[in-house]
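K.L.:
I would like to see how this sequence folds:
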Amino acid sequence: MTVNVKNLVPKPESLTYAFRFDRSQNSPPNISETTQDSTFTYQEPGTYTILQYGSVKDVAGFSLCKDVTVKETRGPQAELVTCPNGKVRVTLGDDPITKAYDVVTINWGDGRTQNVNLKTNSTAFFEHTYASGNSVPAITLKGSYTNSVCTTESNSTTLAADAPQSLAGIRIRSVEMPASNGDAKLIYDGMEGIETKVYIARGNEEFIYTNQSGQTGGAQSATVPQLDPKVVYRFQLWSTDICGNVIKSPIVSSIAIKQGSLSLDEIISLEWESEPNTNGLVEYQLKRNGAVIFNTSDKLSYEDTDVKCGNTYQYEIVAIVENDVRSYSAPISLEPKTSSPGDIASALVTVKDDNTIATRVELSGEGLTSTYNLIVERALLGSSNFELVSPAGNQSLQWDDTNVSASQNSYCYRFQYENACKMKSPSFSTPVCSILLTANTPDIVWTSDPPFTGNIETYSLQQVDQGGNVIDAMPKGLSTSHTLDLASQSEFGYRIEAKSGNFTSLSNLLNFRSEAILLVPDAFTPNGDAYNERFEVKGYFIKDFKMSVFSRWGEVIYHTDDIAEGWDGNVKTGKAPGGYYLYKIEATNATGQTMVKNGSFLLIR
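P.N.:
Now for the predicted structure:
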């Protein structure tokens, strides 16, 4: 492959050569592509253009292109595998040297030869068997061209025997179980010229041939029909090398996913199973709607709590095995389970003010979902005409009804639960009615009609401080009134609580302030008829009390520090005459504030 160029131009100057010139270019070659040496060695066969250019002194420049064809003379390349039984295989090389020839002749060394036309041949390898017991002689290859050029210069190659070809590269890459059509899909790495058969075993049973095979190299696929996606199978590739040895690939198990045994509201329980793989498990990946939601290397179950009733979710499990082998389960579609909700068995109704009644329910049992509609209906106490008052899609367990006149009427409420799956409580709850608490000092009274349809257990009078905290509770049985001891009270509030099982009704809060209240009569008649005999002052929220009575001339004729005492109309000299008298009262309430009151009254004889 060495060319020697002879220059025919006499007395040239700057004689230059480009041995790999591109005839299609219109510009001179780059300096790096040129040489002044007239000898050049080509490393690969092919057709090349040689450009020669230079100049002749006092004449002109010159140039010339000529093509040269370089033929391969090195010996063809091949792989030789020998077997103990006398069988050999020659696999011609897929390299430029070998492919440069038109024909390769294999001399088997036992007097037989085989010519391979590389232009028309599609066979990857060639086999030959020697007589039993004979050793394998030297096998040589020689390349040639159809036009016989360079044949004498072509070298021969003597092949060295290799061990039988390793089939370790033949292995399963992935197993994908069918969704509905029953066809499982395997992706595996094959090897050119090696027949690879797909075997299957159900569970831990014996392997059987699937009638699926191939003998092509690279990534291959095989479809195994009529499989149950709920069943776990084991897959294996069986390949036979040229010596007849059966080589088995690592086992890859399928994986099956199913709905788990746990059944709770808005939780999807999942379980999966597979058989052991030859190579170790790296992890399981659980996918929901195509996205991985859980990874584990040892668990075989999962409870998905991020689901909503009424929606359908698709799950699949992927087992990742060492060497990046993957096994995909068939997908399954599941909806969250839910039970029918029970009747609401606990509720509270509270009068907040004249225009607001607060309701609150507590939920328990099955059928409860993350979204729901709490239905609230209202009717006047004593009426059965309940009407819907809660908004659509009400998800508040504490709902205020602001369209009421709590100081004028009592209202009854009943409740029903509807979950996200549109399943309702079988019936409405027991109605709970509001209680109206009013003051008729010193008495407080409340609604006489019971707030429940069932038996009322008891009324309880609660004393509440300024912060709304219950500081005392007094059982009242079924009574609907209470008399306050106003003289011993400071600032406080009262409300009534009624109970019937887990249903509770709270009245409005009735507040009393500790400002002193004095009720002074404007006349009295000490005439012995036992009616209105004394000048008596009534006081509430009073701690200290002083009262003086004056004649019309300003003389003190009576004084007391006890509010329970009153003037009987007598003075030191006997009975005071009828007419107008004056009084002055000084009183202090429980917080120490002083009140002074002056006035007059009429004594009638």
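
K.L.:
so how far is residue 420 from the closest residue in space to residue 422 that isn't next to it in sequence?
P.N.:
Leaving out its chain neighbours, the residue that sits closest to residue 422 by CB to CB, 6 or more residues apart in numbering is residue 310, at 7.8 Å. C-beta: built from backbone N, CA, C; applies to glycine. Using CB to CB, to the nearest Å, we find residue 310 at a distance of 5 Å from residue 420.

K.L.:
These two: who's more crowded?
P.N.:
Set residue 310 next to residue 420 and count neighbours by other CB atoms under 10 Å: residue 420 wins out with 20 against 15.

K.L.:
Give me the domain ranges for the chain.
P.N.:
Domain segmentation of the chain under automatic domain parsing yields 2-70, 78-162, 164-337, 339-513, 517-603.

K.L.:
With mean pLDDT added, can I get those domains in a markdown table?
P.N.:
Listed next are the domains of the chain as a markdown table, based on pLDDT from 0 to 100:
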| stretch | mean pLDDT |
| --- | --- |
| domain 2-70 | 92 |
| domain 78-162 | 88 |
| domain 164-337 | 92 |
| domain 339-513 | 89 |
| domain 517-603 | 90 |
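
K.L.:
hang on, the earlier thing: can you tell me which residues contact the residue nearest to residue 422?
P.N.:
The neighbours of residue 310, taking CB atoms under 8 Å, 6 or more residues apart in numbering as the test, are 335, 420, 421, 422.

K.L.:
go again using 10 Å as the cut-off
P.N.:
Applying CB atoms under 10 Å, 6 or more residues apart in numbering, we find residue 310 in contact with 266, 335, 336, 338, 369, 371, 419, 420, 421, 422.

K.L.:
what do you get for residue 107?
P.N.:
Contact analysis of residue 107 by CB under 10 Å, 6+ apart lists 113, 114, 137, 138, 139, 140, 141, 142, 156, 158.

K.L.:
what do you get if the cut-off is 8 Å, keeping everything else the same?
P.N.:
Contact criterion CB under 8 Å, 6+ apart gives 113, 139, 140, 141, 142 as the residues in contact with residue 107.

K.L.:
And residue 603, by the same measure?
P.N.:
Residue 603 makes contact with 523, 524, 526, 535, 569, 576, 577, 578, 579, 580, 581 under the criterion CB under 8 Å, 6+ apart.

K.L.:
Just give the nearest non-adjacent residue to it, would you?
P.N.:
Excluding the flanking residues, the one nearest residue 603 by CB to CB, 6+ apart is residue 578, at 5.2 Å.

K.L.:
what separates the one you found from residue 584, distance-wise?
P.N.:
21 Å.

K.L.:
and if you look at residue 196?
P.N.:
The value you get for residue 196 to residue 584, if CB to CB is used, is 121 Å.

K.L.:
In terms of packing, which of these two has more residues around it?
P.N.:
Per other CB under 10 Å, whichever of residue 196 and residue 584 has more neighbours is residue 196, with 24 against 15.

K.L.:
Which strand or helix spans the closest residue to the more buried one other than its chain neighbours?
P.N.:
In this structure, residue 196 finds its nearest non-sequential neighbour in residue 239, 4.6 Å apart by CB to CB, 6+ apart. In this structure, residue 239 is located in strand 233-240 according to DSSP states H and E.

K.L.:
What strands flank that strand, and is each parallel or antiparallel?
P.N.:
strand 196-202 (antiparallel), strand 246-248 (antiparallel), strand 252-253 (antiparallel) (DSSP bridges).

K.L.:
Please spell out which residues along that strand are buried.
P.N.:
Of the residues in strand 233-240, those buried under the neighbour-count criterion (16 or more other CB atoms under 10 Å) are 233, 234, 235, 236, 237, 238, 239.

K.L.:
Residue 201: which of the residues you listed is nearest?
P.N.:
Using CB to CB, the shortest approach to residue 201 within the buried residues of strand 233-240 belongs to residue 234, at 4.5 Å.

K.L.:
So in terms of bridging, what pairs with residue 333?
P.N.:
Residue 333 forms beta bridges with residue 314, as assigned by DSSP bridges.

K.L.:
is it true that it touches residue 312?
P.N.:
Yes. The pair residue 333 and residue 312 passes the contact test of CB atoms under 8 Å, sitting 5.4 Å apart.

K.L.:
hang on, isn't the residue nearest to residue 196 packed against residue 166?
P.N.:
No. Contact status for residue 239 versus residue 166: not in contact, 10.7 Å apart, counting by CB under 8 Å.

K.L.:
give me the element the spatially closest residue to residue 96 that is not a sequence neighbour is part of.
P.N.:
With CB to CB, 6+ apart as the measure, residue 44 is the residue that lies nearest to residue 96, at 5.8 Å, once sequence neighbours are left out. In this structure, residue 44 is located outside every helix and strand according to DSSP H and E.

K.L.:
Tell me if I'm right that residue 44 and residue 95 touch.
P.N.:
No. With contacts defined as CB under 8 Å, residue 44 does not count as touching residue 95, sitting 10.7 Å away.

K.L.:
Quick one: the strands in the stretch 201-350 of the chain, in order.
P.N.:
For the stretch 201-350 of the chain, strands defined by DSSP state E, counting those that start in this stretch occupy the ranges 208-214, 218-224, 233-240, 246-248, 252-253, 255-259, 268-274, 281-288, 291-296, 301-304, 313-321, 325-328, 332-334, 347-353.

K.L.:
which one of these is the most hemmed in?
P.N.:
Ranked by average neighbour count under the criterion mean count of other CB atoms under 10 Å, those are headed by strand 252-253 at a mean of 25.

K.L.:
Need the contact partners of that strand.
P.N.:
Outside of strand 252-253, the residues within contact range by CB under 8 Å, 6+ apart are 172, 175, 232-236, 274-278, 319, 321, 325, 327.

K.L.:
distance between it and the chain's centre?
P.N.:
Averaged C-alpha coordinates place strand 252-253 at 29 Å from its chain's average position (CA atoms, centre = their mean, to the nearest Å).

K.L.:
neighbours around the closest residue in space to residue 354 that isn't next to it in sequence, how many?
P.N.:
Closest residue to residue 354 in three dimensions, ignoring its sequence neighbours and counting by CB to CB, 6+ apart: residue 407, at 4.4 Å. Under the neighbour criterion other CB under 10 Å, residue 407 is assigned a count of 12.

K.L.:
Assumed residue 407 was part of a strand.
P.N.:
No. Looking at residue 407 with DSSP: H, G, I helix; E, B strand; the rest coil, it is coil, so not inside a strand.

K.L.:
picking that back up, reformat the contacts of residue 310 into JSON lines and put distance to residue 551 next to each item.
P.N.:
Converted to JSON lines, these look like this (distance: CB to CB, whole Å):
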{"residue": "266", "distance to residue 551": "87"}
{"residue": "335", "distance to residue 551": "95"}
{"residue": "336", "distance to residue 551": "91"}
{"residue": "338", "distance to residue 551": "88"}
{"residue": "369", "distance to residue 551": "83"}
{"residue": "371", "distance to residue 551": "82"}
{"residue": "419", "distance to residue 551": "83"}
{"residue": "420", "distance to residue 551": "85"}
{"residue": "421", "distance to residue 551": "88"}
{"residue": "422", "distance to residue 551": "86"}
